[in-house]
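**Q** need the 3D shape of this:
(chains A and B)
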Amino acid sequence: SGLGMFSTIICGFLSPLVVKRLPEHVQVDDPAVVKRLAKKLERQQIPLRSDYGYKVSLFSHLHQYSRKAPLTQLLSIPSTVIHPSIVRLGLQYSQGIVAGSNARSVALLHAFKQVIRDYTTPPNEELSRDLVNKLKPYISFLNQCRPLSASMGNAIKYIKKEISNIPSQCKEEEAKTKLLKCIDRYIEEKIVLAAKAISKYAIEKISDGDVILVYGCSSLVNHILCEAFEKSRKFRVIVVDSRPRLEGREALRRLVQRGISCTYVLISALSYILPEVSKVFLGAHALLANGYVMSRVGTSQIALVARTFNVPVLVCCETYKFCERVQTDSFVSNELDDPDDLMVTRKGKTQLENWQDVSSLGLLNLVYDVTPPDFVDLVITDLGMIPCTSVPVVLRVKNLDQ
Amino acid sequence: MPGADKETDLTERIEAFLADLKRGGSGTGPLRGSGEMARETTYLLRRITAQARWSSAGDLMEIIRNEGRRMTAAQPSETTVGNMVRRVLKIIREEYARSRGSSEETEQQESLHKLLTAGELSEENFRQHFVHLKANVIEAINELLTELDGTTDNIAMQALEHIHSNEVIMTVGRSRTVEAFLKDAARKRKFHVIVAECAPFCQGHEMATGLSKVGIETTVIADAAIFAVMSRVNKVIIGTQTVLANGGLRAVNGTHSVALAARHHSTPLIICAPMFKLSPQVFTTIFYPFPGSFSYCLPVLREILSKVNVHCPVFDYVPPELITLFISNIGGNAPSYIYRLMSELYHPEDHKL
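**A** Below is the predicted model:
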């Protein structure tokens, strides 16, 4: 009987042995993969977006697009293949109008709700299979506009699962209402209520007289700070910002509107401002299975310098952003933004104006970086406060739940 | 009278120099770059030596010390001015000692006896009049000027000893010394340079265009990406504004983060700094916010500007533990050796002007 127990444990370990393939947008240097992707897009009648500008050799495996050439220019409007709300969403993504992982996921889910409302099952087709097939070209289109974030990937997986679980005898109207309710519940549970739970935990960590450092614009961290301010905690905030996105200005605006006293610095002034800081709150784009935090570029630098000055670093992240991928550096899987953003005009001169003409000059505009777990002291999630290394445990628990 | 003319001319030159200093720090005022600042200061000091009225070395040192105090007060962040004044004072002391005929060794050796009897000795020195002192001092200052002219070339000559092929080198902002260093190495070796742009002034852009024009593979990154790309960097080579007495640096904003990232990845941090940047000061917590710099920080949000504090420090302090090597015009040195170099360049009594 002891041996029998032993064998069941081994079987339990061996079953989830599916190796995930690297997504196609991270294999640009492999011509076979590029050809396969082009063929797939052709089949789905979606235009292929071409790379722009000289790519730094270290990142030749990633795409680099220009904001001035959105994918919609190559589409015929109105498009017969892609739902108009998806086209609008893709354009909003590629121009940076909708940015931030929560915002992108919520916008995606709302667009999918519209798609489902407008959907009619063709004759001799089952809703559960046909709708999933309908969604595939939309996802490819959005991927071409801007690579999907981890939160969006998890949301899409959830929707696909819900759709395929619709029983075949279910009537179309009923199925559609059920799906719409599922999506609403997902948004409510995973994003809105999670934010409330995380705020509750995080507010315990904010004491009176604190000086809190935040980086860029994280909707979750802004929410926490506003909630803490409502609950009459006395603290002040230092907003750190970085070129070229300068998202900190948005966070600064939101916090100042609530009446929180703020200071604004650029990331190069970090060593100057850190001696005043008592805590660092960071948002995350995704939490990887090996404990690394994937977030806006610059987060790892803040965590490093904060660790040197012995300032605690707290990362706030909802569980729906947890990802089964593992990564140890910021090169293998990243996103390259429009390189023209780095150009700037100072004293009437734009130094890098004709960077395209100079063959040995490249501009690199990274979007994400990964922070090693030893720089992070605590991760606050809706399931509680956990160390960085407990991410695979949470993933396993979530998988078992589903 | 010719004497009075010379004096008014001299005073005019000094006032003009002080006005230039007050108008701007390095890189922005009419005196661009610390090299030029050092040269202008030395020219002025030579002129003072030639044209001012003095009879003994003590008088000359008093005059130079006074002018030096005024110059450092005009622009406290520009330390090369004070450094040159101290060099000239040391030159005067040496020439005086040589004229007196006393061997230099007894002057320089620090012994317990000297420490205890130091007070009286320095008072009675420097009062004797020597005929050739003026000529000697001016000649020595000319030697100093030749040394200043050749600093960038001397540093650039050492480039091939430190850069091998296919290296990835990171640099921050703009430094003329580092630019010359890398361009010299690029004549014989192929390597890749990553330049951090150094917001808000983005001098890194100028550096990148300069390097790419001579065919060096250059990449410009934002400051936020420094840690992200550091794992692929083989060496970090940067310039600095001042080298402090303990071997630390006062360098452009953001250098401390670069140094920490380099230490985390065990990447060597090499500083290219000519000797005239070596200053007998130690770290003070005074950072000099540059006037007009705040406008770069908050371009758009005028309505909330009044409710927000904005900080824009210009310099960073980097402790000597994070630095691997100093490359100067006299060769390479470890940060722990800087105090010794300082005692060769400046006399301890001149540390406070």
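
**Q** for the rest of this, base every contact and every neighbour count on C-alpha atoms.
**A** Will do.

**Q** so which residues make contact with stretch A:118-125?
**A** With contacts defined as Cα atoms under 8 Å, 6 or more residues apart in numbering or on different chains, stretch A:118-125 is touched by A:127, A:130-131, A:172.

**Q** rounded mean pLDDT for that stretch, please.
**A** For stretch A:118-125, the mean per-residue pLDDT is 86.

**Q** and for stretch B:324-342?
**A** Mean predicted lDDT for stretch B:324-342 stands at 92.

**Q** from one end of it to the other, what's the distance?
**A** 18 Å (Cα to Cα, to the nearest Å).

**Q** so which bits of that stretch are buried?
**A** In terms of neighbour count (16 or more other Cα atoms under 10 Å in any protein chain shown), stretch B:324-342 has its buried residues at B:324-329, B:335-336, B:338, B:342.

**Q** just those residues: which are in helices?
**A** B:338, B:342 (DSSP state H).

**Q** need the buried residues of stretch B:324-342 in a markdown table (columns: distance to chain A).
**A** Shown next, in a markdown table, are the buried residues of stretch B:324-342 (distance: Cα to the nearest Cα, whole Å):
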| residue | distance to chain A |
| --- | --- |
| B:Thr324 | 18 |
| B:Leu325 | 22 |
| B:Phe326 | 22 |
| B:Ile327 | 25 |
| B:Ser328 | 26 |
| B:Asn329 | 29 |
| B:Pro335 | 21 |
| B:Ser336 | 22 |
| B:Ile338 | 24 |
| B:Met342 | 27 |
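
**Q** can you pull out the helices in the stretch 101-250 of chain A?
**A** For the stretch 101-250 of chain A, the helices defined by DSSP state H, counting those that start in this stretch occupy A:101-117, A:127-145, A:150-164, A:172-186, A:194-204, A:219-230, A:248-258.

**Q** export these to a markdown table and append columns for distance to B:Lys307 and mean neighbour count.
**A** Below are those laid out as a markdown table (distance: least, Cα to Cα, whole Å; neighbours: other Cα atoms under 10 Å in any protein chain shown):
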| stretch | distance to B:Lys307 | mean neighbour count |
| --- | --- | --- |
| helix A:101-117 | 28 | 19 |
| helix A:127-145 | 38 | 19 |
| helix A:150-164 | 35 | 18 |
| helix A:172-186 | 38 | 16 |
| helix A:194-204 | 24 | 19 |
| helix A:219-230 | 17 | 20 |
| helix A:248-258 | 7 | 18 |
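
**Q** make a markdown table from those helices and add distance to A:Asn290 to it.
**A** Formatted as a markdown table, the helices of the stretch 101-250 of chain A follow (distance: least, Cα to Cα, whole Å):
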| stretch | distance to A:Asn290 |
| --- | --- |
| helix A:101-117 | 20 |
| helix A:127-145 | 25 |
| helix A:150-164 | 15 |
| helix A:172-186 | 26 |
| helix A:194-204 | 22 |
| helix A:219-230 | 23 |
| helix A:248-258 | 29 |
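
**Q** for chain B, find the nearest of the ones you listed.
**A** Chain B lies closest to helix A:248-258 among the helices of the stretch 101-250 of chain A, at 7.1 Å (Cα to the nearest Cα).

**Q** after that closest one, which helix or strand is next?
**A** In the C-terminal direction, the helix or strand that comes right after helix A:248-258 (DSSP states H and E) is strand A:262-266.

**Q** can you pull the buried residues of that following strand?
**A** Neighbour-count burial for strand A:262-266 flags A:262-266 (criterion: 16+ other Cα under 10 Å).

**Q** again with stretch B:135-148
**A** B:136-138, B:140-141, B:144-145, B:148.

**Q** near chain A, from these?
**A** Filtering the buried residues of stretch B:135-148 for proximity to chain A by Cα under 8 Å from any Cα of the partner chain leaves nothing.

**Q** ok, those residues vs A:His110, which is closest?
**A** For the buried residues of stretch B:135-148, the closest approach to A:His110 (Cα to Cα) belongs to B:Leu148, at 67.4 Å.

**Q** helices or strands next to the strand or helix carrying the closest one in the packing?
**A** Taking DSSP H and E as the definition, B:Leu148 sits inside helix B:133-157. Contact partners of helix B:133-157 among helices and strands, from 3 or more Cα pairs under 8 Å, 6 or more residues apart in numbering or on different chains; DSSP states H and E: helix B:34-51, helix B:79-100, helix B:176-186, strand B:325-328.

**Q** same question for that helix, mean pLDDT?
**A** On average, helix B:133-157 scores 91.

**Q** ranges for the strands of the stretch 101-250 of chain B?
**A** Assignment of strands within the stretch 101-250 of chain B using DSSP state E, counting those that start in this stretch yields the ranges B:168-172, B:192-196, B:217-221, B:235-238, B:242-243, B:249-252.
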